[in-house]
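# Pasted the sequence and its predicted model underneath.
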Amino acid sequence: MMCEFLKTCCTDPMKIIGEWLVLLPAIVLLLAAAASVVMRNLIHAALCLTLSFIALGIVFIALGAEFVGFVQLLVYVGAVAMILVFAILLTRPEQLTKSGTLFSGLGPAGGALAGFASLVVLLAFIFTSPVAKKPLPAPVSAPVAAIGEALMGDYVVALLLIGVLLTAALVGAAVLAMEDKKP
Amino acid sequence: MTLQILLAISAILFAFGLTAVLSRSNAIMILIGIELMLGAANLNFLAFWRFSENPAALVGVLFAIFSIAIAAAEAAVGLAIIILVHRKARSVEVDDTNQLKG
């Protein structure tokens, strides 16, 4: 495998760079996600989650879907992570000496076991399916013009519905979080 | 770079999110786990799009865009609910919201 790697380095270096352009952010993504799940401090967990969102956006850009990568960075990092941090700051426990329990539900062992079991099942399907053994096709591109034409053409109903859903969700969230007005 | 490696990365990310949802007691931590699972699903969509026979149809890309929009709306509503629960019950641990327990 090493000779194959060195041979490809001499003949086609862009292929190695292309592969590591996806794998390196993917490793950062997995490490940041693992850190976010086990962190005791909520703010640290939210910041690790932000790092994993950034890494996921870079993976999307490296896969050829640049628009989705930038949408991920704008929406997840710029909006969802920020609203998460605000909610953490607004829901601090009042007595600073009282710290909540860290684990609940299945507990750390049960949760890890359930996650590991689901991972084993998924990996079994992934590595035994004939569909997934395809080699890498030629580089694809998703130009924004084509995405725009598809959204306004074939997928216009979905676009309008998502507009209605976003409006309803955000108005609803604002109404829910409003202070009760005392008469 | 085979499709298997990308799907395995997305499966590991999904497993992390599932662990967070099932074992953490803070409601915001559970929401973080849900966001990780949604990110794993988006990665799956784009991995299949990258390896598909007709990538010009952009199905995977559009699915991922709609998924990101829905995840943002769901995070906003979920966090509004969490803030409301904190206002009434003074705590966001899921163990403390048990008034309906028999």
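Yep, it's here.
# per-residue confidence for A:Pro130?
If you check A:Pro130, the pLDDT there is 81.
# Now do the phi/psi pair for it.
For A:Pro130, the backbone dihedrals (degrees, to the nearest 10) come out as phi -70, psi -20.
# same deal with the one 5 residues further on?
Backbone torsions of A:Pro135, given as degrees, to the nearest 10, read phi -80, psi 170.
# Now it. Nearest residue, chain neighbours left out?
Spatial nearest neighbour of A:Pro135, chain neighbours left out: B:Thr2 (7.0 Å); criterion: CB to CB, 6 or more residues apart in numbering or on different chains. C-beta coordinates here come from the backbone N, C-alpha and C atoms, glycine included.
# what's the distance between the one you found and A:Leu161?
Between B:Thr2 and A:Leu161 the distance is 35 Å, computed by CB to CB, to the nearest Å.
# list the helices and strands the helix or strand A:Val85 falls within packs on?
Element membership of A:Val85 [criterion: DSSP states H and E] is helix A:81-90. Contact here means 3 or more CB pairs under 8 Å, 6 or more residues apart in numbering or on different chains; DSSP states H and E; on that basis helix A:81-90 packs against helix A:42-63, helix B:27-50, helix B:59-89.
# Can you lay out those helices as CSV showing mean pLDDT?
Shown next, in CSV, are these (pLDDT from 0 to 100):
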stretch, mean pLDDT
helix A:42-63, 95
helix B:27-50, 95
helix B:59-89, 93
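# can you put those in CSV and add mean neighbour count and distance to B:Ala8?
Compiled in CSV, those are given as follows (neighbours: other CB atoms under 10 Å in any protein chain shown; distance: least, CB to CB, whole Å):
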stretch, mean neighbour count, distance to B:Ala8
helix A:42-63, 22, 13
helix B:27-50, 23, 10
helix B:59-89, 19, 18
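# for these, which one sits closest to A:Met152?
Each of the helices and strands packed on helix A:81-90 was scored for nearness to A:Met152 using CB to CB, and the closest is helix B:59-89 (11.6 Å).
# could you check the angle helix B:27-50 makes with that closest one?
Angle of helix B:59-89 versus helix B:27-50, following axes from the mean of the first three to the mean of the last three CA atoms, to 10 degrees, is 180 degrees.
# give the contact list for B:Ser67.
For B:Ser67, the contacting residues are B:38, B:41-42, B:45, by CB atoms under 8 Å, 6 or more residues apart in numbering or on different chains.
# same question, A:Val140
Contact analysis of A:Val140 by CB under 8 Å, 6+ apart lists A:64, B:49-50, B:55-56.
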